[in-house]
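A.B. asks: Here is a sequence together with a model predicted from it:
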Amino acid sequence: MTLGLSPDELALQARAREFSQSVVRPRGAAIDREEQYPWDIVRALTDAKFVGMTIPLEYGGQGRSFLDTVLVIEEMAKSCTVTARIVVETNMGAISTVMAYGGEAQKRRAAELVLSGDKPAICITEPDAGSDAAAMTTRADKRGDVYVINGRKHWITGGGVSRLHLIFARVYDERGEELGIGGFLAVRDEAKGLRVVRREPTMGLRGMPEGELEFEDLEVPAAMALVPPSGFRRGFADLMNAYNSQRVGAGTVAMGIAAGALDHAVDWTKSREQFGRPIAEFQGLQWMLADMQTQLTAARLMLYAAARSRGPGGSSPPRRRSASSTTRCRCLVHAGTRATSRSSAWRATCACSPSGAAPRRCCAPSSPQRCSAGNCRRPATATSRPPPGPWQRSKAPYLPRVRGRSAPRSGAGWGLPSANL
Ligand SMILES: Cc1cc2nc3c(=O)[nH]c(=O)nc-3n(C[C@H](O)[C@H](O)[C@H](O)COP(=O)(O)OP(=O)(O)OC[C@H]3O[C@@H](n4cnc5c(N)ncnc54)[C@H](O)[C@@H]3O)c2cc1C
């Protein structure tokens, strides 16, 4: 089953599978047992160019997609979760955030480190700010052309082995006024004031250190502050948005572990004999394996879809719809509401063109003059009816609820004459 992968993607997957089976698998159990970060595997991954794949070509990477990365992660996770994590974090997460929002010098420095095998660390979580990450208290005070960072982070993956650190902190200007949350790049061993004070004991992924970090008057040049286009005020949301690729990577590690376990189970049922035959011949086991394969394929497809949603260039900035589009629509459905272009209601029913392109469907086709959106010139016709769907079985059409009142119960939303409803 190729699951819609291109020949190039299948070739990359085959290369990763071969690497995983020949280089990683023989080391997997020892990495876990010895709780040592596998520097030999890091070197092999670097030589095989499985690190920094998503870094754009102009910074020395391969400009590969997140889907490419997902294919490699799965193969590594079948043999060793620590190796899979290294692939995640040298292609997604912190490095994607830097490539999305970093300045030229930041991108070059980060690319140089990652392409030489450094797995960047991202420092968000604090002892009193876990799920509620925005409650962080680590602070970065502007003093001239540096930021001075003080605080403590824990559960930092790679603490003690990573060199590049992306540190999230609450930013204060020179008058002590809080500006929001920003990201700061610091390199361990180059930056005074960054200390790894403890390693957390873990039940799994034991070759990957989870560290507690302390920042004491850590000075980061202002040029190493990661400021998204919308500034520090929305900084946390933007930085987390860019960081989100990491979650697809984490999901793929879990899926790869399951895929590896299923491979082992299938091999075992073929070689283990009971009642004079391989146990794979017993239907009860076949059903269990079929169920596992079904769930695994569903998970794989979801991860592929999530990875593909970011498009071909893995580390390009995430697409954000402009805030100004929230005020463009004056149609009957959205009039007087704060419907945004992010809402499905907007996309489903309104063609008042949040992107500024020519509208395809008018919100009030039977009376186009009632749609007062400035750019809504072409009334929709019955041909703009959406493909048949379950909502059409009901007499009541799908119409969005708008804040404070129901949307008009007419055919207007889909360009249908109300008599049809
Ligand atoms: C292996 C590992 C690696 C990690 N790596 C990193 C890293 O590299 N960098 C980093 O910054 N962080 C890292 N973390 C930290 C991770 O992001 C946090 O563990 C996570 O944000 C949860 O925070 P917490 O552990 O403090 O749990 P808490 O926030 O204390 O949550 C405890 C429980 O309460 C539940 N809960 C919390 N709020 C709600 C709510 N509103 N509604 C319902 N349930 C709720 C949670 O789901 C959880 O079950 C790592 C953690 C682990 C385990």
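C.D. replies: Happy to help now that I have it.
A.B. asks: For the chain, what lies in contact range of the ligand?
C.D. replies: Ile122, Cys123, Ile124, Thr125, Gly130, Ser131, Trp155, Ile156, Thr157, Glu210 (CB under 6 Å from any ligand atom). Using the backbone N, CA and C atoms, a C-beta is placed for each residue, glycine as well.
A.B. asks: Just the strands from the protein, written as ranges.
C.D. replies: 121-123, 139-143, 146-157, 164-172, 178-187, 194-200, 210-221, 225-226, 273-274, 277-278, 401-402, 405-406 (DSSP state E).
A.B. asks: CSV please, covering those and showing mean pLDDT and mean neighbour count.
C.D. replies: CSV is the format used below for the strands of the chain (pLDDT from 0 to 100; neighbours: other CB atoms under 10 Å):
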stretch, mean pLDDT, mean neighbour count
strand 121-123, 97, 27
strand 139-143, 98, 18
strand 146-157, 98, 20
strand 164-172, 97, 25
strand 178-187, 96, 22
strand 194-200, 96, 15
strand 210-221, 98, 19
strand 225-226, 94, 24
strand 273-274, 98, 10
strand 277-278, 98, 12
strand 401-402, 39, 14
strand 405-406, 38, 9
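A.B. asks: And for the closest residue to Arg108 other than its chain neighbours, the neighbour number?
C.D. replies: With CB to CB, 6 or more residues apart in numbering as the criterion, Arg108 has its nearest non-adjacent residue at 6.3 Å, and that residue is Tyr59. Counted with other CB atoms under 10 Å, residues neighbouring Tyr59 total 21.
A.B. asks: any idea how far Tyr59 lies from Leu115?
C.D. replies: Distance of Tyr59 to Leu115, computed by CB to CB, to the nearest Å: 8 Å.
A.B. asks: hang on, the earlier thing: of all the strands of the chain, which one is nearest Val248?
C.D. replies: strand 121-123 (14.9 Å; CB to CB).
A.B. asks: how distant is the closest one from the center of its chain?
C.D. replies: Its chain's average C-alpha position is 15 Å from that of strand 121-123, according to CA atoms, centre = their mean, to the nearest Å.
A.B. asks: Can you give the strand pairings for it, parallel or anti for each?
C.D. replies: Paired neighbours of strand 121-123 in the sheet (DSSP bridges): strand 164-172 (parallel).
A.B. asks: how big is the angle separating the strand it pairs with from strand 146-157?
C.D. replies: Orientation check (axes from the mean of the first three to the mean of the last three CA atoms, to 10 degrees): strand 164-172 against strand 146-157 gives 130 degrees.
A.B. asks: what's the angle between strand 164-172 and strand 178-187?
C.D. replies: Calculated by the same axes, to 10 degrees, strand 164-172 forms an angle of 160 degrees with strand 178-187.
A.B. asks: What's the local residue count around Ala307?
C.D. replies: Number of residues near Ala307 (other CB under 10 Å) recorded here: 24.
A.B. asks: Mind pulling up the pLDDT for the residue of the stretch 101-250 of the chain found nearest the ligand?
C.D. replies: Of all residues in the stretch 101-250 of the chain, Gly130 sits closest to the ligand, at 1.8 Å by CB to the nearest ligand atom. Reading off the confidence values, Gly130 has pLDDT 95.
A.B. asks: sorry, back to before: out of the strands of the chain, nearest to Cys80?
C.D. replies: Of all the strands of the chain, strand 146-157 sits nearest to Cys80, with 15.3 Å by CB to CB.
A.B. asks: Show me the contact partners of the closest one.
C.D. replies: The set of residues external to strand 146-157 that reach it, using CB atoms under 8 Å, 6 or more residues apart in numbering, is 85, 89, 121-127, 136-141, 167, 169, 171, 184, 186, 193, 198, 200, 208-222, 225.
A.B. asks: partners of it in the sheet?
C.D. replies: Paired neighbours of strand 146-157 in the sheet (DSSP bridges): strand 139-143 (antiparallel), strand 210-221 (antiparallel).
A.B. asks: Pull the contacting residues for whatever residue of the stretch 251-400 of the chain ends up closest to the ligand.
C.D. replies: Of the residues in the stretch 251-400 of the chain, the one nearest the ligand is Val253, at a distance of 10.6 Å by CB to the nearest ligand atom. Counting by CB under 8 Å, 6+ apart, Val253 touches Ile73, Ala77, Thr81, Ala84, Arg85, Val88.
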